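Participant: sequence plus predicted model, see below.
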Amino acid sequence: RYTEQAGNQSPDFEVKQVKGGWGWLVDELKASGAKKVGFESQDMSVSSYNGLIDAIKGDSSLGGVSLIPAPGLAENQRIIKDQEELVALQKAIDASDLAMDQVCPGITHGMTEKEVAWKMEMAMRDFGADTISFDTIVAAGPNGAMAHHQPSDYVIKHGDPIVIDMGAKVGGYCSDLSRSIAVGEADETFKKIYDIVLGAQLTAINTVKVGMTGEECDSLSRDVIAEAGYGDNFGHSLGHGVGLFIHENPRVGPRSPDILEVNTVFTVEPGIYLTGWGGIRIEDIVILREDGAVPLSKATK
């Protein structure tokens, strides 16, 4: 059903239509004489793997074909972005930036989280998004203490802190942006926590260097938050790569050995979450250059 579409969307590739099962792979192995087959072990189910084994063993003419796990083989080729990719990424980033700056000033007492999410998604499309890159998060009041809260019918109240996390997709490339705002007058807790989180984010952006590991970059922000007394309230990684998928390598977290190289693109998104009150998260996408990180996100913060 999709052969014509695949050909139109991938003009530089030969498109072959195959039938179900693994017979097509057996035919390819015979034609090529290949004796080693790499497979995406992180994505293949046990059932599919067993079927693949049976298909290869079931044809004695293949001889000794070895299956080689190749996790991340394709994904790791995408870590360093070329100029064409950066253009597409920037279009997606611009769409989410413009939407955030347009919608946030109009968020008022009485709106629901779902209403705000829908306004954000419409605005991103108005500013050029093909679609959204993930389900929009709007977490108001105490819901903000849940880092991945899904928009609900919760009615936003005066003074509520709100975490908004959203992204656009343009030309297949994703953006990811988080901002935290207060409706009306922000209370002292909001001001205090916001300043800590912003300081943690800027410390990482201004200090990260080429050659650091994801763990080392993560610690730049995490140490700031811990020193302020909120280490136990930052429960997720500092960031992740962004590209064709919303979550890509390099991983920027407490146990990540991934090396941050020139022209890697990743998020920097520290947060503090307080049960019963809410949360603050600030997220920007940056590109790592020879002389340091350059923010690609420009939304007001």
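Facilitator: That came through, no problem. None of the values given here were measured: they were computed from a predicted structure.
Participant: switch to C-alpha atoms for all contacts and neighbour counts from now on
Facilitator: OK.
Participant: contacts only, for residue 240.
Facilitator: When contacts are counted by CA atoms under 8 Å, 6 or more residues apart in numbering, residue 240 touches 247-253, 266-268.
Participant: residue 113 too?
Facilitator: Counted by CA under 8 Å, 6+ apart, residue 113 has contacts 138-140, 151-156.
Participant: ok, now how distant is the residue lying closest to it once chain neighbours are set aside from residue 101?
Facilitator: Leaving aside its sequence neighbours, residue 113 sits nearest to residue 151 (CA to CA, 6 or more residues apart in numbering; 5.0 Å). Counting by CA to CA, to the nearest Å, the gap from residue 151 to residue 101 is 19 Å.
Participant: residue 270 too?
Facilitator: From residue 270 to residue 101 the distance is 20 Å (CA to CA).
Participant: would you confirm that residue 278 contacts residue 140?
Facilitator: Yes - using CA atoms under 8 Å, residue 278 is in contact with residue 140, at 7.2 Å.
Participant: compare the two (neighbour count), which wins?
Facilitator: Remark: of residue 278 and residue 140, residue 140 carries more neighbours, 31 against 23, as counted by other CA atoms under 10 Å.
Participant: ok, the more buried one touching residue 160?
Facilitator: Yes - here residue 140 reaches residue 160: they are 6.2 Å apart, a contact under CA under 8 Å.
Participant: CA atoms only: put the helix or strand bottoming out on mean pLDDT in the chain into CSV for me.
Facilitator: Sorting the helices and strands of the chain by mean pLDDT, DSSP states H and E puts helix 3-9 at the bottom, at a mean of 86. The C-alpha coordinates for helix 3-9 follow below in CSV (Å, rounded to 0.1, in the frame of the first residue of the first chain):
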residue,chain,number,x,y,z
THR,A,3,5.3,1.6,-2.1
GLU,A,4,4.4,4.6,-4.2
GLN,A,5,4.5,6.9,-1.2
ALA,A,6,7.8,5.6,-0.1
GLY,A,7,9.2,6.1,-3.5
ASN,A,8,8.0,9.7,-3.7
GLN,A,9,9.3,10.5,-0.2
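Participant: still on that earlier bit, how many neighbours does the residue nearest to residue 113 have?
Facilitator: 21.
Participant: residue 188 and residue 38: what is the separation?
Facilitator: 56 Å.
Participant: correction: residue 118
Facilitator: In terms of CA to CA, residue 118 sits 42 Å off from residue 38.
Participant: go on, residue 160?
Facilitator: For residue 160 relative to residue 38 (CA to CA), the value is 51 Å.
Participant: ok, now residue 273?
Facilitator: Residue 273 is 42 Å from residue 38, by CA to CA.
Participant: neighbour count: those two, which is higher?
Facilitator: Neighbour count, other CA under 10 Å: between residue 273 and residue 38, residue 273 has more, with 22 against 12.
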